[in-house]
Every structure is written in structure tokens, then in C-alpha cells.
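Chemist: following is a predicted model, sequence given first.
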Amino acid sequence: MKTIRTLILSSFALMPLGLVAEQNASSSKLKVGDLAPALSTGEWLKGEPVKRFEKGTVYLVEFWATWCGPCVKSIPHLTELQKKYPKLVIIGQNCSERDQSIAKGFVDKQGASMDYRVALDDTSKEPGGAMYKEWMNASGARGIPHAFLVDQNKRIAWAGHPATLTPQIIEACLAGTLEPQKPVDEKIRIKDGQLVLPGQGVQ
């Protein structure tokens, strides 16, 4: 019995991390193709507030924090997307801040370089943030920045690092022809201050 137990434990120890992550994702409550959870944001720091998802409109909800280097690096990319696709409603959903007043000052300082809607999380009833709980925790997402593309039928059509969201996916979603995209195994890196996407050979 002891030998069998040792073999079983060893097999788990040797299990690839990607497989473990995939299993965790498969057991998550919120998946691509599901209806998006209701918006439960806190204070809006920038742009016109969005109270609810409207049928016929496409949204990109991106979770970020001021202390997250990759999140800050993604800001110009999101601003470019908002300018290129004015019908796409981008929401920068701040989360996991030790002090939410830091986010307010940060957003003010960004000015036009952060040119899309920004909201704080609602921590009044949920200490960790209502949006973080209902979106990030529910989906099994492990880190930020992490974005969710909500299609015209209020369903999550895509989820992942915002830098991997391609124009083809956005345009198909805006046209109403995008089939839900299965999340991919992303390995995003920062090299020399630049985002490096999968397949670009970072050492």
C-alpha cells in the first residue's frame, strides 16, 4: 500500500504545470461562452459610466492595478485599441489595490495616454472586490492584466492577456461573427520595457 501511495504522489509531482492549470480552468464556474457577470464596479475614475451590458454592443473588461508592471505597459495598447475601434467599449477595471486613492492619482496623471473608461472595484461589501470575485476568481484567472471580451449577446467571447487580443478577433466580434475563442496557454514576457508575445523567442 505504501508503495502504491508513493507512486500516486510521484505521478502528481511530475504532472506538467500546464495540465494542472488546464484542469483548474476546466473546473472554473465562469468560462468563455458563458453570459458575462453583471457589472458591479465601484467609483468611475474616467469616462462615461457603464451601468450594464447592452445587447448589440461589444465590451472589453480589463483587470489591472497600478503596482502591476505589465498592466502599466498595456495601457498604451488599450488606448490604441479604443481609438482604432470606437464602437468597442473598453473598461479598465482597477483591482487589488492596497489603497484605491493611489489609482485615482495614477489615472489623473496618465491623462490622454489612458484614453478609455476606468473604474475602481467595489470593496464596500466584498473586501477583495466584487468585480474581482465575480470575474477573475470565478474564471480561475491567475494574474493581471487579464481581459474579457464581451460580445453583442452579452457572452464572454474571449479571455486572456490584452496584448494577445488580435484585430481579427475584435473585428469579428464587432461584426457579430466571432465564435467563442478557447483560451490559449499564454507566456507573456517583458523585455527591454516591451511586451513580448508567445512565439517571439524570449530567453
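Modeler: Good, I have the coordinates. As the structure is a prediction and not an experimental result, all values here were calculated from the model. Residues are numbered from 1 along each chain as shown.

Chemist: three-state assignment of Ile144?
Modeler: Per DSSP: H, G, I helix; E, B strand; the rest coil, the local secondary structure of Ile144 is coil.

Chemist: please verify my assumption that it contacts Phe63.
Modeler: Yes: with contact defined as CB atoms under 8 Å, Ile144 reaches Phe63; the gap is 4.9 Å. Just so you know, the C-beta spots here come from the backbone N, C-alpha and C atoms, and that holds for glycine as well.

Chemist: list residues touching both of the two?
Modeler: 95, 136 (CB atoms under 8 Å, 6 or more residues apart in numbering).

Chemist: ok, the two, which is more surrounded?
Modeler: Phe63 (26 against 23; other CB atoms under 10 Å).

Chemist: check which helices and strands the longest helix anywhere in the chain is in contact with.
Modeler: Counting residues, the longest helix found in the chain (DSSP state H) is helix 69-84. The contact analysis (3 or more CB pairs under 8 Å, 6 or more residues apart in numbering; DSSP states H and E) places helix 69-84 against strand 58-64, strand 88-94, strand 189-191, strand 194-196.

Chemist: which parts of that helix are buried?
Modeler: 70-75, 78-79, 81-82 (16 or more other CB atoms under 10 Å).

Chemist: repeat for stretch 149-162
Modeler: So, applying 16+ other CB under 10 Å, buried residues of stretch 149-162: 149-152, 154, 156-162.

Chemist: check stretch 105-115 too.
Modeler: 106-107, 110, 114-115.

Chemist: what about Gln181, neighbour count?
Modeler: If we define neighbours as other CB under 10 Å, then Gln181 has 19 of them.

Chemist: okay, it and Val118: tell me how far apart.
Modeler: Remark: distance between Gln181 and Val118 (CB to CB, to the nearest Å) = 25 Å.

Chemist: same check, this time on Asp99
Modeler: On the measure of CB to CB, Asp99 and Val118 end up 16 Å apart.

Chemist: was I right to think Leu60 contacts Val89?
Modeler: Yes: applying CB under 8 Å, one finds Leu60 in contact with Val89, separated by 7.2 Å.

Chemist: which one's more surrounded, those two?
Modeler: Neighbours were counted for Leu60 and for Val89 using other CB under 10 Å; Leu60 has more, 23 against 20.
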